[in-house]
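Participant: okay, here's the prediction I keep looking at, along with the sequence it came from:
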Amino acid sequence: ESASTAANGTSGDQSESTSSSTDPSPGQPAKRRHRKTHGKIGFAQLAQHIAAKWKALDADARKPYEKEAEVEKARYRVELEKWQMAQKAKQELLLQKTDQVHTDAQEEAALTLQALRANTPPP
């Protein structure tokens, strides 16, 4: 093996595909290589299987899961409200800072104009 093939971990009998049909155009992401499946169930089939089992459960068997879901929904609503309040506070603080910058700039402009008028001889 040559030094370059030993460095990149390929042997001489393995060739890389340099087909222009798989190369991305400039500015486009590379295509994903096809991956072999593990031969078991796929995601869609898994979701269908779980849905069928859920539908087959009677109301008493579903009750603990539904109760837990309600608790989690309530927790989520509380966390969401806290986050929204924090975002609103951040936005208000940003607006205050922006207003202060504008006020400072206006004051500076007024002082500069006043100084220019004081140094300018009357017409």
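Facilitator: Noted; the coordinates are in hand. The structure presented is a predicted model; accordingly, all values stated were derived computationally and were not measured. Residues are numbered from 1 along each chain as shown.
Participant: regarding residue 118, what is its secondary structure?
Facilitator: helix (DSSP: H, G, I helix; E, B strand; the rest coil).
Participant: please read the previous query as pertaining to residue 32.
Facilitator: coil.
Participant: low-confidence ranges, the chain, go.
Facilitator: 1-24, 121-123 (pLDDT under 70).
Participant: could I get the full set of helices for it?
Facilitator: Using DSSP state H, the helices of the chain run over 3-8, 43-56, 59-119.
Participant: what about those helices, which gets the closest to residue 33?
Facilitator: helix 3-8 (17.0 Å; C-beta to C-beta). (Glycine included, C-beta is placed from N, CA and C.)
Participant: can you list the helices of the chain in a markdown table and add mean neighbour count and distance to residue 28?
Facilitator: Formatted as a markdown table, these follow (neighbours: other C-beta atoms under 10 Å; distance: least, C-beta to C-beta, whole Å):
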| stretch | mean neighbour count | distance to residue 28 |
| --- | --- | --- |
| helix 3-8 | 9 | 25 |
| helix 43-56 | 10 | 26 |
| helix 59-119 | 10 | 35 |
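Participant: any chance of those helices in TSV, with distance to residue 34 too?
Facilitator: Shown next, in TSV, are the helices of the chain (distance: least, C-beta to C-beta, whole Å):
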stretch	distance to residue 34
helix 3-8	22
helix 43-56	16
helix 59-119	37
